[in-house]
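Build the 3D model from these lines:
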Amino acid sequence: MNKKEEKWAIFWCDLLSPIIFSKIEPEQTNGYLKQVAQKAVVFPNGELGRPSLSTLKRKLKKYQNSGFNGFARKKRNDQGKSRNIDADIIDTAIAIKKEQPRRSHKTINRFLKEMYGTTIPRSTLYWHLKQAGATRLKLGVTKQKVRKRWSRDHTHDLWIGDFEEGPYVIESNEVVPTYLSAFIDCHSRFVVTARYYLRQNLDILIDSLIRAMATHGAPLALYVDNAKVYHSHGLRAACYRINTRLIHRKKGDPAPGGLIERFFLTVQDQFEAEIRAGHILSLSHLNHTFAAWMEVDYHQETHSEINQPPAQRYQKGLRVIRQIDLNEFIKSFMQKVSRCVHRTFSDVQVNKKYYKVDPKLRGDKVEVRYDSFTHLDSVEIYSLKGQYLGTGKLHHRQFGEQIQPSQTGAKPKHNYLDLIVRQHKKQLDAQTKGIDFRKVTQRRPWPFYDFAKTFAQLLGNKGGLASFTAQELETLKKVYNQDIKLNKKMLKQAFENARCKSITYVIHELKCLLKIQGG
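As a prediction, the model looks like this:
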């Protein structure tokens, strides 16, 4: 008797309980059944109705003859056998499958069509094969992997890293998206580094790893996905230098990355949901708040997988911290370019900056090595055969010599030339940071700040950007990015057309106007 049958059996027994437990005289049985048949009751399937007298008599007879189990449905004599397909055909199909376990339902049906002139539907065929233990899994022929929970015996045995999209922030009066870069220790679920950035590329990855290794040392292994940034030659070389095994997630096999994905889900549900519900933050404020949440909340709360707080398990599982030379680690990511030393100025040019080298090298071809992720005050000079020749110091040709530190003495306290040099240096820095081509192609006469401010004024809010929540600013930013033709007149028109003066209705009307203009 299954649960459904048991539920119905209890229902009938409740109706018949006065008779079952002899609470009424036998000669009063028929009168009682008539009374029950006249009353409306709620059946187990939720329907309201009256049980017929004949049904009640039949159920009582079942109970008297077979007891409670008599309410169970009788099993068919042909249960497990097909009533539409001959047993011989099914037996043949099973035999064909067992001969070659990799045969599909189409292949088996081709045999049956030739032998019997008929086929078996796929679902029916699979049901009979499963009952006969003739599926690929039952026959031991399957590619499906048997999973086990990811774990390691000690802290820092394995770090797992990835990127994830984060909340929007406000930087220089622009609402921009962020990306969370994180590495988590497999044994303790302790997050060795996690920080929001405005990009997700190689320099962000390096920054994350340096922050983690400066505090926790190097892991025995790194587990990352197949994104291009994780396949860089620099990362592979750096891992070999610090004796860390670099493991990439196999293509088409996302399951092992579930540990870091589960952490991202926790961040989204518990931290980012709070961020989006409040006022939009700057990037620095977001990271400061996130660091506090990590230390006070995530690392101190009991983790459902390990039944311990990550901070506690981290300490218990810690055996050794593998300290490394971070300079050696960074060397793997240094850029290498060939240059010819200028015969007149005795310098080399890198990213529109000039670096003075030994005058003996004038006219020679050299290899310049530099760290593209830091402020370039100096570069390293090597011969084309790899011999170290010295360093090149940043200088400006108009002064003839490299920049020297300011010295006390007869020089004035406020040096005008130093001021000019600093301003020129800032200009050069700005030129060498690279161009965001997306922003260049999307330069618009009406800035987003003015768009959001106008929107707030139309709604009657005096706070400008501060009057919106982070979620609302994200929505406005996405609408703003849809069409370069968006202007103040169009926004006012959308506000006038809106049935209800709210963000949702105004945006709907604005999209309609943009669609009409786009034609």
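
Give the buried residues for the helix or strand where residue 234 lies.
Applying DSSP states H and E as the criterion places residue 234 in helix 233-241. For helix 233-241, burial by neighbour count (16 or more other CB atoms under 10 Å) applies to 234, 235, 238, 239, 241. C-beta: built from backbone N, CA, C; applies to glycine.

now the first one, nearest residue through space, not along the chain?
Counting by CB to CB, 6 or more residues apart in numbering, residue 333 is the residue found nearest to residue 234 once chain neighbours are left out, at 4.1 Å.

Tell me the secondary structure at the one you found.
coil (DSSP: H, G, I helix; E, B strand; the rest coil).

count of residues packed around it?
If you count neighbours by other CB atoms under 10 Å, residue 333 ends up with 19.

confidence score at it?
Note for residue 333: predicted pLDDT of 74.

ok, it touching residue 241?
No - Residue 333 is beyond contact range of residue 241, at 10.7 Å (criterion: CB atoms under 8 Å).

Domain map for the chain?
3-71, 159-326, 335-403+417-432, 445-518 (automatic domain parsing).

any idea which of these is most buried?
Greatest average neighbour count among those goes to domain 159-326 (a mean of 17), per mean count of other CB atoms under 10 Å.

Do me a favour and get the end-to-end distance for it?
18 Å (CA to CA, to the nearest Å).

Also stretch 467-486?
22 Å.

Average pLDDT for that stretch, rounded please.
Averaging pLDDT along stretch 467-486 gives 83.

One more: stretch 86-95?
89.

Quick one: distance of stretch 229-239 to the chain centre.
On the basis of CA atoms, centre = their mean, to the nearest Å, stretch 229-239 is displaced by 22 Å from the centre of the chain it belongs to.

The worst-scoring helix or strand of the chain on mean pLDDT: what's the following helix or strand?
Least confident helix or strand, the chain: helix 437-441 with a mean of 43, by mean pLDDT, DSSP states H and E. As assigned by DSSP H and E, the chain's next helix or strand after helix 437-441 is helix 448-459.

Looking at that next one now, give me its mean pLDDT.
86.

Show me what secondary structure element comes after that helix.
Per DSSP H and E, the first helix or strand lying C-terminal to helix 448-459 is helix 470-480.

any idea how far that following helix is from the chain center?
On CA atoms, centre = their mean, the centre of helix 470-480 falls 21 Å from that of its chain.

Residues contacting that helix, please?
Contacts of helix 470-480 with the rest of the structure, by CB atoms under 8 Å, 6 or more residues apart in numbering, involve 167-168, 170, 175, 275-281, 448, 451-452, 455, 465, 468, 486, 503, 507, 510-511.

tell me the contacts of residue 279?
Residues near residue 279 by CB under 8 Å, 6+ apart: 466, 468, 469, 470.

of the residues you listed, closest to residue 123?
Minimum distance to residue 123 across those is 49.4 Å, recorded for residue 470 (CB to CB).

I'd like the distance between the spatially closest residue to that closest one that is not a sequence neighbour and residue 475.
Once flanking residues are discounted, residue 470 sits nearest to residue 280: 4.0 Å by CB to CB, 6+ apart. Distance, residue 280 to residue 475, by CB to CB, to the nearest Å: 12 Å.

Also residue 98?
Counting by CB to CB, the gap from residue 98 to residue 475 is 60 Å.

same check, this time on residue 385
Residue 385 is 59 Å from residue 475, by CB to CB.

now residue 265
The spacing between residue 265 and residue 475, counted by CB to CB, is 23 Å.

which residues touch residue 337?
So residue 337 contacts 350, 367, 368 (CB under 8 Å, 6+ apart).

How are the helices of the stretch 101-250 of the chain distributed by residue range?
Secondary structure of the stretch 101-250 of the chain (DSSP state H, counting those that start in this stretch): helices at 105-116, 122-131, 202-216, 233-241.

avg pLDDT for the longest one?
Looking at helix 202-216 alone, the average pLDDT works out to 87.

and that helix with helix 233-241, angle?
20 degrees (axes from the mean of the first three to the mean of the last three CA atoms, to 10 degrees).

Contacts only, for residue 326.
When contacts are counted by CB under 8 Å, 6+ apart, residue 326 is found next to 210, 213, 214.

and what of residue 161?
Contacts of residue 161 (CB under 8 Å, 6+ apart): 181, 182, 183, 184, 205, 208, 222, 223, 224, 260.

Could you verify my assumption that the last one touches residue 181?
No - taking CB under 8 Å as the definition, residue 260 is not a contact partner of residue 181, at 10.9 Å.

got a list of what the closest residue to residue 297 other than its chain neighbours touches?
Nearest non-adjacent residue to residue 297, counting by CB to CB, 6+ apart: residue 270, 7.2 Å away. For residue 270, the contact set (CB under 8 Å, 6+ apart) comprises 293, 297, 298.

Distance of the last one relative to residue 470?
The one in question is residue 298. 21 Å.

quick one: the strands in the stretch 251-400 of the chain?
335-340, 347-350, 353-356, 365-370, 378-382, 388-395 (DSSP state E, counting those that start in this stretch).
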